[in-house]
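In: build the 3D model from these lines:
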Amino acid sequence: MEIIALPHEMQRWAEAARQRGETIAFVPTMGFLHEGHLTLMREGRKRATLLASSLFVNPTQFGPNEDFSRYPRDFERDCALMREVPVDVLFAPEPDVIYPKGFQTWVEVTEMTKGLCGAHRPGHFRGVTTVVAKLFNIVKPHIALFGEKDYQQLRTIERMVQDLNFPIEIVPVATVREPDGLAMSSRNAYLTPDQRQQALALHGSLRAAEAAFKSGVRDPQQLVSVASAWLQKTPEVQLEYIETADAKTLEQVTHIDRPVVLAIAARVGSTRLIDNLVLVP
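Out: All right, here's what the predicted structure looks like:
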């Protein structure tokens, strides 16, 4: 696996690969890899002749009181896992390379980022779309793969790619879960054993709402109430939101007559976790 730190060198690598007729699949990450990341990479391996990844803990998507400084990092472990996939090239820049002195250009998807996590993390998605746009211009992939666990992020990036005419196919990949249902996340590393058990309440609340949906409930607020009642069985979990939204546009819905996403964010101790399920009538 080749490791590249500078944008112009990564661009040169990608341009040479394209001239040879190669296709490039790309999986951007913030590192501290888990099976969810590796599933994206294995899928990318199948879909193109070359697999690229990036490892960059993006400071602009963290708020002032969030966990940027303590976000888990283990570069050598991550590289070893990528080599097993195998990844062909890793782009691993430093922050001052991505945001050099005088940087002042931002990419923002306006409407899709107002609700759900966007309402609780001001500026977060502006940081995400800006860095992903930069990575697309640096790595020059034909396809890029993103997990459905970060559902609002996935839909926002799809919107950006469509609106700005990026010649890139975005491939969604289903959420990868632990055997007990917990959605895999790098932030799960923060959880104590007790908190790890409490965190199961997020998926449990979604499954309770899903059961009500399968029984015929089509009122979004009723489903939210079912999920909230389930979550109250675990008072240690501090709910941030449970909401439904149109699965494509993320607009609010008053009646479920098309696919919707039921999304949740909550804190277990000081750790913020998210999860979702898509409900299809």
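
In: alpha carbons only for contacts and neighbour counts from here, please
Out: Fine.

In: domain parsing for this structure?
Out: Under the assignment automatic domain parsing, the domains of the chain span 2-173, 186-279.

In: reformat those domains as TSV; add mean neighbour count, mean pLDDT and distance to P179.
Out: Formatted as TSV, the domains of the chain follow (neighbours: other CA atoms under 10 Å; pLDDT from 0 to 100; distance: least, CA to CA, whole Å):
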stretch	mean neighbour count	mean pLDDT	distance to P179
domain 2-173	17	97	12
domain 186-279	18	97	11
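
In: looking at it, E35 is touching M184, isn't it?
Out: Yes. The pair E35 and M184 passes the contact test of CA atoms under 8 Å, sitting 7.3 Å apart.

In: tell me how far the helix or strand where A25 lies lies from the chain's centre.
Out: Using DSSP states H and E, the element containing A25 is strand 24-29. Its chain's C-alpha centre lies 13 Å from the corresponding centre of strand 24-29 when counted by CA atoms, centre = their mean, to the nearest Å.

In: give me the helices and strands touching the helix or strand following that strand, please.
Out: If you walk from strand 24-29 toward the C-terminus, the next helix or strand you reach (DSSP H and E) is helix 35-47. Counting contacts by 3 or more CA pairs under 8 Å, 6 or more residues apart in numbering; DSSP states H and E, helix 35-47 is packed against strand 24-29, strand 50-55, strand 143-147.

In: contacts for the second one?
Out: I take that to be strand 50-55. Outside of strand 50-55, the residues within contact range by CA atoms under 8 Å, 6 or more residues apart in numbering are 22-31, 41, 44-45, 86-93, 139.

In: relative to strand 143-147, how tilted is that strand?
Out: Interaxial angle of strand 50-55 relative to strand 143-147 (axes from the mean of the first three to the mean of the last three CA atoms, to 10 degrees): 50 degrees.

In: just the CA trace of strand 50-55, in PDB.
Out: The C-alpha coordinates for strand 50-55 follow below in PDB (Å, rounded to 0.1, in the frame of the first residue of the first chain):
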ATOM      1  CA  LEU A  50      -7.900   0.200  -7.700                       C
ATOM      2  CA  LEU A  51      -9.000   1.000  -4.100                       C
ATOM      3  CA  ALA A  52      -8.000   4.300  -2.500                       C
ATOM      4  CA  SER A  53      -8.800   5.400   1.000                       C
ATOM      5  CA  SER A  54      -8.000   8.500   3.100                       C
ATOM      6  CA  LEU A  55      -7.300   8.900   6.800                       C
END
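
In: orientation of that strand relative to helix 35-47 in degrees?
Out: Here strand 50-55 points in a direction 150 degrees away from that of helix 35-47 (the same axes, to 10 degrees).

In: parallel or antiparallel, list what pairs with strand 50-55.
Out: Here the strand partners of strand 50-55, with direction, are listed using DSSP bridges: strand 24-29 (parallel), strand 89-91 (parallel).

In: just the last one next, same as before
Out: The pairing partners recorded for strand 143-147 under DSSP bridges are strand 24-29 (parallel), strand 169-173 (parallel).

In: next, the contact list for the residue lying closest to H124 once chain neighbours are set aside, please.
Out: The spatially closest residue to H124, leaving aside those adjacent along the chain, is Q61, at 4.3 Å (CA to CA, 6 or more residues apart in numbering). In this structure, Q61 makes contact with 123-128, judged by CA under 8 Å, 6+ apart.
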